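**Q** Give me a 3D structure for the following:
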Amino acid sequence: MKKQSLLFLLFSLITVPVMHSQKKSDVSGWITTDLVLTQGHWDYTASLEYRSKENMGEMDLFSIGTYGRYTFSPLLKVSGGYEAFLTHTFDRGTIWEHRLLLQNESSFYFQGIKIDNRFSFLDDFEKINTPSWGIRDRLRLKYPVRNIEPYTYLELYYYVKTKQMVHHKNRYAVGLNYMIDSQHFLGMYYMREAYFQKTFANNVIGISYVMTLSI
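**A** Numbers count the residues shown, from 1 in each chain. Got it, this is the predicted structure:
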C-alpha cells in the first residue's frame, strides 16, 4: 500500500465515524497566532486565540497563553504553561477563566508518517482555590511532503467530578500546515468537538499562523 493511501485510510478511520452524529451542532471559527522562541533544548511560546460561536455570529472566547518546553529527546519533551480565557457565557456575561497545565510529548516516524502523542494534566479555575482537574490525550499523525504537512488527530478530554473521571468530549481534526520558510508557518483545519455530557457537537473551521525565532 502506498504511503498516501495509508494516510488517507487513517484520515477516514478517524473522521468518517463522527460526521453523521445526531447531536445538535454549531459552527465556529478559530484564529490562532503563536510566537515561538528557541534556545538550545528550550523553546518558549506566546499564543493568542480568538473563537467564535453561534455559526460564527458571536464571540466565544479570547485567550492568551505562555508556555515553556524542554526537549530531552524526540521521545521525551516536557512543558508547562498558563492560559487565560475571556469567555462569553449565556447566564453570567463575560468572565475570566484560567488554566495551568503540565504536558509530556513524544514523537517518532513510521513509514514516512510522523506519529506524536501529547498527554496533558490540567487545572481549570476562576479562582485559584476552586480547581477543576482534568487530563487530555492527543494522538496525531502527520505526513510531511516538502513544505506541506497534512495531518489528522484524535484528542480525548476527561475531568474529575465528585471523585470520578468523567469523559467530557473528543476532538477529531484534519488539517494542513504550509511552511512559507524556516520561520513562518500557516495552517488550516477542520475539527469536530463531540461532547458527551450534552447532546451537542461543535464544528470548527480554523486557521493558524506560527513564527519561530532562534535566540
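
**Q** If you rank every helix and strand of the protein by mean pLDDT, what lands last?
**A** helix 3-15 (a mean of 56; mean pLDDT, DSSP states H and E).

**Q** What's the first helix or strand after that helix?
**A** Downstream of helix 3-15, the first helix or strand assigned by DSSP states H and E is strand 24-39.

**Q** where in the chain is pLDDT low?
**A** Along the chain, segments meeting pLDDT under 70 span 1-23.

**Q** at 90 what do you get?
**A** Within the chain, the stretches with pLDDT under 90 are 1-26, 53-59, 74-75, 88-94, 110-112, 128-131, 143-146, 160-165, 194-202, 215.

**Q** Give the pairing partners of whichever strand in the chain runs longest; include direction for each.
**A** Looking across the chain with DSSP state E, the single longest strand is strand 93-110. Within its sheet, and counting by DSSP bridges, strand 93-110 is paired with strand 76-89 (antiparallel), strand 113-125 (antiparallel).

**Q** would CSV of the ones you listed with distance to residue 52 and mean neighbour count be doable?
**A** No exception for glycine: its C-beta is placed from N, CA and C like everyone else's. Output for the strands paired with strand 93-110, formatted as CSV (distance: least, Cβ to Cβ, whole Å; neighbours: other Cβ atoms under 10 Å):
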stretch, distance to residue 52, mean neighbour count
strand 76-89, 10, 16
strand 113-125, 21, 16
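
**Q** Need those strands in JSON lines (columns: distance to residue 67).
**A** Below are the strands paired with strand 93-110 laid out as JSON lines (distance: least, Cβ to Cβ, whole Å):
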{"stretch": "strand 76-89", "distance to residue 67": "3"}
{"stretch": "strand 113-125", "distance to residue 67": "11"}
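
**Q** what's the closest of these to residue 159?
**A** strand 113-125 (8.1 Å; Cβ to Cβ).

**Q** and that closest one, C-alpha only, in PDB?
**A** The C-alpha trace of strand 113-125 is given here as PDB (Å, rounded to 0.1, in the frame of the first residue of the first chain):
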ATOM      1  CA  ILE A 113       4.500   9.200   8.800                       C
ATOM      2  CA  LYS A 114       5.200  11.200  11.900                       C
ATOM      3  CA  ILE A 115       3.300   9.900  14.900                       C
ATOM      4  CA  ASP A 116       3.200  12.100  18.100                       C
ATOM      5  CA  ASN A 117       1.400  11.900  21.400                       C
ATOM      6  CA  ARG A 118       0.700  14.700  23.800                       C
ATOM      7  CA  PHE A 119      -0.600  14.000  27.300                       C
ATOM      8  CA  SER A 120      -1.700  16.900  29.400                       C
ATOM      9  CA  PHE A 121      -2.600  17.400  33.100                       C
ATOM     10  CA  LEU A 122      -4.900  20.400  33.600                       C
ATOM     11  CA  ASP A 123      -6.200  22.700  36.300                       C
ATOM     12  CA  ASP A 124      -9.000  25.000  35.100                       C
ATOM     13  CA  PHE A 125     -10.300  27.600  37.600                       C
END
